[in-house]
Every structure is written in C-alpha cells, then in structure tokens.
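Q: the following comprises the amino acid sequence and a computationally predicted model.
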Amino acid sequence: MADTSDTRTPAQIEADIKRRRALLAETLDEIGMRVHPRTIVGDAKAKVVSNVDHTLGRAYVQVNRVVTDVGARFLGDRGAARMDRVLPVALVAVGVAGLLVLSTRRRKG
C-alpha cells in the first residue's frame, strides 16, 4: 500500500501547485517557441549561413594556398620575379591571346 500521509499544510500544497503551474506554463511557452514557423525558418537560415560561411572559409584557404604556391614558383626569395619562369608563361599567354583574337576575326570576317 502507498503511503498517503502528507505533512504539508493546505497553503504549502497550494504554493506547490502554483509553482508547478508556472513551470508547466514556462515549458509550454518554450515548446511553442521551438515549433513556431518563424523559429524554424530562423534556425534553418542560421544553419545555411553557417554552412556558407564554412564553405567560403575553406575556399579562401584553398585559393590562398594556390596563390602562395604560384608566388613561390614565380618569385625569388626577395620577391623579385624569376624571369626564367615568368618569360615562358608570358609568351604562352600572349600566344593564346593572339590565337583567340585571330579566331574571333575569322568568325566575323
């Protein structure tokens, strides 16, 4: 058999009931906020922004690494251009640009 004796006074029981009602109301308000469409949309937006920021950060690191590697190949220790590497690349770039110009002129003509 369960012990049904309660040593609390009616005033204490009423105070406990009020306190539990307040806690329940607070819990229900919190649940209501969590399932509210604005909260759900806001959480989704925050997650997307976080993912985009993370992706952009990783992309920045990759681009920075590539630029640093290219700089290391074409610049000397003191930052001066290494002509033995720059000149061949420049000649190829000029050749490709020239071919593109000629090909464009042939299509128009």
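A: Yep, it's here. Here the structure is a predicted model, which means the values were calculated and not measured.

Q: for this protein, which segments count as helices?
A: 10-35, 37-74, 83-108 (DSSP state H).

Q: show me what the second one is packed up against.
A: Secondary structure elements in contact with helix 37-74, counted by 3 or more CB pairs under 8 Å, 6 or more residues apart in numbering; DSSP states H and E, are helix 83-108. For the C-beta atoms, the positions are set from N, CA and C on the backbone; glycine is no exception.

Q: and the helix it packs on, what other elements does it pack with?
A: With contacts taken as 3+ CB pairs under 8 Å, 6+ apart, helix 83-108 sits against helix 37-74.

Q: tell me which residue is most central in the chain.
A: Centroid-nearest residue in the chain, with CA atoms, centre = their mean: Asp53, separated by 2.5 Å.

Q: hang on, the earlier thing: in TSV: the helices of the chain, plus mean pLDDT.
A: As requested, the helices of the chain are exported to TSV (pLDDT from 0 to 100):
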stretch	mean pLDDT
helix 10-35	94
helix 37-74	92
helix 83-108	89
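
Q: returning to what we had before: could you measure the residue nearest to the centre of the chain against Ala46, distance?
A: Distance, Asp53 to Ala46, using CB to CB, to the nearest Å: 10 Å.

Q: could you do Ile13 as well?
A: 44 Å.

Q: for Ala25, same thing?
A: Applying CB to CB, the value for Ala25 to Ala46 is 27 Å.

Q: ditto for Ile17
A: With CB to CB as the criterion, Ile17 and Ala46 are 39 Å apart.
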